[in-house]
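K.L.:
need a structure here:
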Amino acid sequence: MPIPLVTTPIREIARAAGDIVTTNLPVNPLSFLLLTLQVTAGAVSPTLNNLLAAWTRIEVLFKGTSIISLNATDLHRLVCRLWRQQLPVLQFNAVTPTFVRLTLPITFTRVPWWMEEGFPATRSGELQLRVTYAAAFTNFTLPVETLTSVELLDANPTRFLKYTTIFDAAVAIGDRAQIDLPIGNPVLGILLRGTTVPGAAMTSTIRRLKLLVDNVEYAYNQVERDPLTMIGLIGMDYPNAFQPNLTDWDNHTYLQFDPFQDGSFALRTEGRARVMLEFRADAADNVRVVPVELIGLKAGA
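P.N.:
Have a look, this model is predicted:
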């Protein structure tokens, strides 16, 4: 019977602005990792986005190939949607000299401790975590990092999650932007981040969106950004303590293809010639796209 094992590959190590840290991960099957940041609050309390901005890139590499690659803000929004819950910030709203702590999951599974889903066993040095720290920090100092791994001894997972940023570029006003999605694996969801959101005017980097499979509209057909955002938040928990942070989520939208976490609504891309997002842009600024793929393993190998 599989047994969960929680270990600490990195324990309370001080980090500095601009650090790039590569760590060999455990060789047993992995359910998820926990990246903890302890900081000293400034005279102004750090916001959730201030804390997440400490990491400009979080990557999991298998033999040098990216399995996970995105910034921490996008990872936070994505994990909250996959796990359908908010993540606590301990001592939130504190100011100096109090410690503020945030733990960010890096998940290989939709459901923590799921024996059938996780990254399989590897050889020493094959699987690595690479964390890139920002050039400067806002409203905090003295970051201290701890990394915790949750392994599943004797498990034989048959699949794992892969999510990497496939598009990170500016679009033009009025542009009918087209972004090709990866083909071959089922897609469980797509995280999108647009710089501009409605405020004094109904202007948005991603104004409305549709999905095309082999040039045929599929699943999402010219849907406006606010309904898209609401669909992506269905099922999530919002404790009152996080109400001040809800505006931080306005830039992100999630296209849901796995509402029951069983793959029944997954976007099937195998054998397709082209799978593409198309959206209208009201503002000339940046868009990021992060699809979540489900990678199957033959015979659980």
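
K.L.:
list the contacts for the nearest residue to A219 once chain neighbours are set aside?
P.N.:
Sequence neighbours aside, L211 is the residue nearest to A219 in space, at 5.3 Å (criterion: C-beta to C-beta, 6 or more residues apart in numbering). C-betas here are computed from N, CA, C, even on glycine. Under the criterion of C-beta atoms under 8 Å, 6 or more residues apart in numbering, the neighbours of L211 are 217-221, 255, 267, 275-278.

K.L.:
ok, now with 10 Å
P.N.:
181, 187, 190, 217-221, 223, 255, 257, 267, 275-279 (C-beta atoms under 10 Å, 6 or more residues apart in numbering).

K.L.:
list only buried entries from those residues.
P.N.:
181, 187, 190, 220, 223, 255, 257, 267, 275-279 (16 or more other C-beta atoms under 10 Å).

K.L.:
in helices only, show me those residues.
P.N.:
When helices are assigned by DSSP state H, not one member of the buried ones among the contacts of L211 lies inside them.

K.L.:
how about those in a markdown table, adding pLDDT?
P.N.:
Converted to a markdown table, the buried ones among the contacts of L211 look like this (pLDDT from 0 to 100):
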| residue | pLDDT |
| --- | --- |
| L181 | 98 |
| V187 | 98 |
| I190 | 98 |
| Y220 | 95 |
| V223 | 92 |
| L255 | 96 |
| F257 | 96 |
| L267 | 98 |
| V275 | 98 |
| M276 | 97 |
| L277 | 97 |
| E278 | 95 |
| F279 | 92 |
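
K.L.:
next SSE downstream of whichever helix or strand T40 is part of?
P.N.:
Assigning secondary structure by DSSP states H and E places T40 in strand 30-41. Per DSSP H and E, the first helix or strand lying C-terminal to strand 30-41 is helix 48-52.

K.L.:
ok, which stretches of the stretch 151-300 of the chain are strands?
P.N.:
159-164, 167-170, 176-180, 187-194, 208-213, 216-217, 223-224, 252-256, 275-280, 286-296 (DSSP state E, counting those that start in this stretch).

K.L.:
without its sequence neighbours, what residue ends up closest to Q91?
P.N.:
V100 (4.8 Å).

K.L.:
that neighbour: neighbour count?
P.N.:
23 (other C-beta atoms under 10 Å).

K.L.:
so it sits against V39, correct?
P.N.:
Yes. Counting by C-beta atoms under 10 Å, V100 touches V39, with 5.5 Å between them.

K.L.:
what do these two both touch?
P.N.:
46, 50-51, 91, 139-140.

K.L.:
buried only: go through the residues you listed for me.
P.N.:
Buried members of the shared contacts of V100 and V39, counted by 16+ other C-beta under 10 Å: 46, 50-51, 139-140.

K.L.:
from the residues you listed, which is closest to L30?
P.N.:
Of all the buried ones among the shared contacts of V100 and V39, L30 sits closest to L51, with 24.2 Å by C-beta to C-beta.

K.L.:
residues touching the closest one, list them.
P.N.:
Contacts of L51 by C-beta under 10 Å, 6+ apart are 37, 39, 72-73, 76, 89, 92, 100-102, 104, 137-140, 143.

K.L.:
let's go with 7 Å and repeat that
P.N.:
For L51, the contact set (C-beta atoms under 7 Å, 6 or more residues apart in numbering) comprises 37, 39, 89, 100, 102.

K.L.:
quick check: the residue lying closest to the second one once chain neighbours are set aside vs R15, distance?
P.N.:
The spatially closest residue to V39, leaving aside those adjacent along the chain, is F140, at 3.9 Å (C-beta to C-beta, 6+ apart). Distance of F140 to R15, given as C-beta to C-beta, to the nearest Å: 12 Å.
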